[in-house]
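**Q** Provided below are the primary sequence and the corresponding predicted coordinates.
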Amino acid sequence: MSKENKENITFWEKAQQSFKVLILDEETFQEIDSYKLSRLNVYTMLSVLFIGMATLILSLFFFTPARKLVPGFGEIEENSEFIQLKSEMDTLTSIVSNQQVYINSLRTLLSGNSDAKLPDLQSLNKPVLSADVELSGAQVAETARSLKLDQLSFVPPLRGTISSKYAPEIEHLGVDVIASKDTPIQATMQGIVISSDWTLETGNTIIIQHPQNILSTYKHNSALLKKAGDRVEAGEAIAIIGNTGELSDGPHLHFELWYGGYHVDPTLYIRF
């Protein structure tokens, strides 16, 4: 074939040109086998092999858990670790949110706002009581009875004379008790001091969180003997009676008892 004829051969004609592949014995050079191939055959076999391998690899990553082994491959939402972390994060967000509501309610209570109601901190899944919900005296009494507070044992915070009774209808959510100067104030139950601070209206005030979602508040003290975070036992001295705060008109203790987020009449369960 002349040089000009070779140059005029098209790509298709070149692809169809056949070649003979011989397999020879290494020592004797005797022909063992032979194959007739063309460029087209080679292209076709390589293409089929490439497509087959690509299909197999893609199938492994799209239809099996193997895709999780490749960083950034696949939907992250399908990853079990991601789902667990998201669930934990949602739970923590809910806890922080509820604790913030509790802290805000506690601050309102400390400021002397008698309308404040403390949510149930021990059961974060329960709905928080809204400060906008007004409870009548009958409703509060009925709630206290349903909670069976009378089955619990309380220590009187002090012995004295009650000068102002529990009267939620006039926003007096506890009792005022008069006693001798420097009389120690005792914790009504064991618990943890969650606040020990001074406010303009209630003076030196201490609040204790007790088991079973009970909370007690002691206001107008002359001195506080415990700090926030301290554990106290029932009957342990926590403060000294006083006359601090703008809402105090003489030496006395203003004592409040809360249960399940509701203020209750302390005299129903404690003999002062």
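**A** All right, it came through fine. Numbering: from 1, shown residues only.

**Q** Leu24 bridge partners, please.
**A** Beta-bridge partners for Leu24, by DSSP bridges, are Glu31.

**Q** Give the burial count for it, as a bare number.
**A** Neighbourhood size, Leu24 [other CB atoms under 10 Å]: 12. Any C-beta I mention is one placed from the backbone N, CA and C, and that applies to glycine too.

**Q** quick one: it and Glu31 touch, right?
**A** Yes - taking contacts as CB atoms under 8 Å, Leu24 lies within contact range of Glu31: 5.8 Å.

**Q** dump the residue contacts of Ser180.
**A** Contacts for Ser180 (CB atoms under 8 Å, 6 or more residues apart in numbering) come out as Gly160, Ile241.

**Q** Please state the backbone phi and psi of it?
**A** When read as degrees, to the nearest 10, the backbone of Ser180 gives phi -70, psi 160.

**Q** Distance of it relative to Gly203?
**A** 18 Å (CB to CB, to the nearest Å).

**Q** How about Thr217?
**A** Using CB to CB, Thr217 is found at 12 Å from Gly203.

**Q** same thing with Asp230?
**A** Distance, Asp230 to Gly203, by CB to CB: 19 Å.

**Q** neighbour count winner among the two?
**A** Taking neighbours as other CB under 10 Å, Asp230 and Gly203 compare with Gly203 leading, 21 against 16.

**Q** you'd agree that one is up against Tyr218?
**A** No - using CB under 8 Å, Gly203 is not in contact with Tyr218; the gap is 10.5 Å.

**Q** The protein: helices as residue ranges?
**A** Along the chain, counting by DSSP state H, helices occupy 3-7, 11-16, 39-63, 80-110, 137-147.

**Q** average pLDDT across the second one?
**A** Averaging pLDDT along helix 11-16 gives 69.

**Q** cool, and the longest one?
**A** Within the predicted structure, the mean pLDDT of helix 80-110 is 68.

**Q** and if you look at the shortest one?
**A** Over the span of helix 3-7, the pLDDT mean works out to 53.

**Q** Check the third one too.
**A** When the per-residue pLDDT values of helix 39-63 are averaged, the result is 83.

**Q** so what does it touch, helix or strand wise?
**A** In this structure, helix 39-63 packs against helix 11-16, with contacts taken as 3 or more CB pairs under 8 Å, 6 or more residues apart in numbering; DSSP states H and E.

**Q** Domain ranges for this protein, per the record?
**A** By the record's domain assignment, the chain is partitioned as 3-69, 137-268 (automatic domain parsing).

**Q** For stretch 239-246, list the C-alpha coordinates in CSV.
**A** C-alpha atoms of stretch 239-246 as CSV (Å, rounded to 0.1, in the frame of the first residue of the first chain):
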residue,chain,number,x,y,z
ALA,A,239,-30.8,33.0,108.4
ILE,A,240,-31.5,35.4,111.2
ILE,A,241,-34.9,37.2,111.5
GLY,A,242,-34.8,40.8,110.5
ASN,A,243,-36.5,43.9,109.0
THR,A,244,-34.8,44.4,105.6
GLY,A,245,-36.4,45.4,102.4
GLU,A,246,-38.9,48.1,101.4
